[in-house]
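task: produce atomic coordinates for the following.
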Amino acid sequence: MAALVGRLLLLLVFCCGSGSGLRPTEAEETQDCRHLRLGQFLCRDPKIDESTQEPENCRDGAASVDCLPAPNVTCRLSNGTEVRFSGEEVGFNRTVACRNVTGYSYKVAVALSLFLGWLGADRFYLGYPALGLLKFCTVGFCGIGTLIDFILIAMQIVGPADGSSYIVDYYGARLSRLSITNETYRKPHLSL
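Prediction:
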């Protein structure tokens, strides 16, 4: 028992007495605020324009939003100064994707296709007057073209003729097109 107490006393003297055992380590280099991990910051929702249902500051497919680092997080701003945040200050900006819209509503296009598609009203609305006139003269290609156009418009495959996107509610049913190119990473198959 005395040997155990002696060893504990020796360990305590070594750790606390020498000044090297429980000393805090050198401070690590503070990271850039833009490289914080999830949970270390909160980005505000963008301000949405009522008419386009896209962020108000949308330029070239991207909009910036303010991000607030969490309380007691220390990071380096873009100008190089280190700041310890309280959770109320804006630390950096992030970009969010947005779309180019010009005024064609998805809801209106689907309604026109469903109810007046046999007259070509959907194609006239989207800016395809030749197809609209052809559908009008053939009564929606005898109904087959009306059905096909309704499916294509509802799936957002056919969009406005000017190349813009539909106006869809910001938190609405948007479709994202997936594509595979030479830059796409493909996971190799494992052989059994």
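
for Pro69, which residues are in contact?
Pro69 sits next to 33, 36, 40-41, 75, 85, 87, 89, 91-92 when contact means C-beta atoms under 8 Å, 6 or more residues apart in numbering. For every residue, glycine as well, the C-beta is placed using N, CA and C.

just put those residues in TSV and tack on neighbour count and pLDDT.
Formatted as TSV, the contacts of Pro69 follow (neighbours: other C-beta atoms under 10 Å; pLDDT from 0 to 100):
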residue	neighbour count	pLDDT
Cys33	23	90
Leu36	17	91
Gln40	16	91
Phe41	20	93
Cys75	20	92
Phe85	19	92
Gly87	13	88
Glu89	11	90
Gly91	22	89
Phe92	19	91
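
inside strands: which ones of these?
Applying DSSP state E to those, the entries found in strands are 41, 75, 92.

ok, so what distance separates the residue nearest to the last one when sequence neighbours are not counted from Ile48?
Nearest non-adjacent residue to Phe92, counting by C-beta to C-beta, 6 or more residues apart in numbering: Cys33, 4.4 Å away. Computed as C-beta to C-beta, to the nearest Å, the Cys33 to Ile48 distance reads 25 Å.

that concludes my questions; thank you for your assistance.
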